[in-house]
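Engineer: model the structure of this input:
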Amino acid sequence: MKPLDLTNRWVLVTGASSGLGREMARVLGRDHGANLIVVARRRERLAELASELESSYGVSVRVVAADLCQPDEAVRVFEEATREAPLYGAILNAGITHFGNWDELSWEGYQNMHALNVTSVVRLTTLLLPYLEQRKEHGGLMLIASMAGLMPIPYQTAYSATKAFLVNFGCGLHHEMASRGVSVTTFVPGGIRTEMTDGARFNELRGWLMPVERCAREAVSAFRARAYLHSPGVVNRLGAVVTRLLPQRFFIARVADQYRRSLEKNR
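Structural biologist: Now for the predicted structure:
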């Protein structure tokens, strides 16, 4: 399949009120002329983004306020996204993390994380892929996972488990859908400078965080190129290679030490 042609096409982006989702929406509208359906809980933040993109770049933007932790919201988002104009692609980015000891995460907190990071993504994917296939326009889907999904990450243990599901889910679907005319890309960023990493607990790790604007540009490039599994930045890609060469237990122990020190300095 040829690269995705996003000009004047409608693309859905979830988690678009802040962070990587917001920046990917900017890249899609500014650099590729895509029309956007932006989804998140905070309607006012989405409305600000829509106004910015429409006035600055002349694209059309529709706002869908939704809490994808809730069971029926994925279906409503899909219905609203496909109601007025044909959808060409989607980037499923909405997600939350927990950085700290595993037992500091409440059961309710874990349920919300799983509902957003896993269940909503699977539900939207099962709605979007048949739709995109039936349209026969060779559209695409991208799942935003994480490098934390490539190996266990202590002190982000539950989060890393949810992202591991997405890595396997997205990579498996890439092969299943390739012959059916729809691309599935899995994007695995490392740490990014966003609202999610603003807390004091991340202070000692701040130097490792990628600027969100650069990460967003790489994400959209991977989406357009119909990449299989893509990690942004040379350091991250080198890290992925190193982790395959070193004994996994040794490498994860070094990560655990670094994370533990960051947490202990900010208790």
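Engineer: for the longest helix along the chain, which outside residues touch it?
Structural biologist: For the chain, the longest helix by residue count, based on DSSP state H, is helix 157-178. Residues outside helix 157-178 that contact it (Cβ atoms under 8 Å, 6 or more residues apart in numbering) are 95-99, 102, 105, 110, 113-114, 117-118, 121-122, 125, 129, 133, 141, 143-146, 148-153, 183-186, 188, 228-229. Bear in mind the C-beta positions are built from the backbone N, C-alpha and C, glycine included.
Engineer: can we see that at 6 Å?
Structural biologist: 97-98, 102, 105, 110, 117-118, 143, 145-146, 148-149, 152-153, 184, 186, 228-229 (Cβ atoms under 6 Å, 6 or more residues apart in numbering).
Engineer: of these, keep whichever come out buried.
Structural biologist: 97-98, 105, 110, 117-118, 143, 145-146, 148-149, 152-153, 184, 186, 229 (16 or more other Cβ atoms under 10 Å).
Engineer: just the helices in the stretch 1-150 of the chain please.
Structural biologist: When secondary structure is read from DSSP state H, counting those that start in this stretch, the stretch 1-150 of the chain shows helices at 19-32, 43-57, 73-81, 107-114, 120-135.
Engineer: most tightly packed of these?
Structural biologist: helix 19-32 (a mean of 23; mean count of other Cβ atoms under 10 Å).
Engineer: what's the average pLDDT for that helix?
Structural biologist: Here helix 19-32 scores 97 as its mean pLDDT.
Engineer: sorry, back to before: now do the buried residues in the longest helix of the chain.
Structural biologist: Neighbour count says helix 157-178 has 158-167, 169-171, 173-174, 177 buried, by 16+ other Cβ under 10 Å.
Engineer: how near is the nearest residue to G95 once chain neighbours are set aside to V11?
Structural biologist: Computed as Cβ to Cβ, 6 or more residues apart in numbering, the closest residue to G95 that is not its neighbour in sequence is N117, at 4.7 Å. Remark: distance between N117 and V11 (Cβ to Cβ, to the nearest Å) = 21 Å.
Engineer: what's the answer for E79, then?
Structural biologist: The separation that E79 has from V11, given Cβ to Cβ, amounts to 17 Å.
Engineer: nothing else from me, thank you.
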